[in-house]
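**Q** Quick one, structure for this:
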Amino acid sequence: MARTPHGYYDEDLIRNELRQAGFVNADYEALDAISSAPSARHPAIAYCQGTPLRNEIEQRDASRLEEVTDCAAAAIESRFGAGAVDARICGFVITATA
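**A** Below is the predicted model of the structure:
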């Protein structure tokens, strides 16, 4: 997902780009949490159909969106088991001033 917002996470790269844009102070805070879903299918739908990944799938073959979602659900279930899924999720908050 390097071409999407999900691929923009490298702290050194972001700090460098902020400096180039004229920001001198930047705070970079990682926020960790646990994401919960009632089944493997829920995060598969969210990821494959509710993020920019959907555009990548549809560019290749829009008719296969459900198939890809099913494959993702199977992979998630294989890793986390049947039933509810709990997994780490991380986001970043960046505050910069000029």
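**Q** Residue 23 and residue 94 touch, don't they?
**A** No - Residue 23 is not in contact with residue 94 according to CB atoms under 8 Å; the separation is 9.5 Å. (Each C-beta comes from the backbone N, C-alpha and C, glycine too.)
**Q** Averaged pLDDT, the helix ranked longest in the chain. What do you get?
**A** Counting by DSSP state H, the longest helix found in the chain is helix 65-80. The pLDDT scores in helix 65-80 average 97.
**Q** and that helix, which residues are buried?
**A** Buried residues in helix 65-80, counted by 16 or more other CB atoms under 10 Å: 68, 69, 72, 73, 76, 77, 80.
**Q** Pipe those residues into TSV and attach distance to residue 98 per row.
**A** Output for the buried residues of helix 65-80, formatted as TSV (distance: CB to CB, whole Å):
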residue	distance to residue 98
68	43
69	43
72	41
73	45
76	42
77	48
80	44
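**Q** Among those residues, which one sits closest to residue 18?
**A** Of all the buried residues of helix 65-80, residue 18 sits closest to residue 72, with 33.5 Å by CB to CB.
**Q** Can you classify residue 9 by secondary structure?
**A** coil (DSSP: H, G, I helix; E, B strand; the rest coil).
**Q** Now the phi/psi pair for it, please.
**A** In this entry, residue 9 is assigned phi and psi values of phi -140, psi -10 (degrees, to the nearest 10).
**Q** same question, residue 48
**A** phi -80, psi -30.
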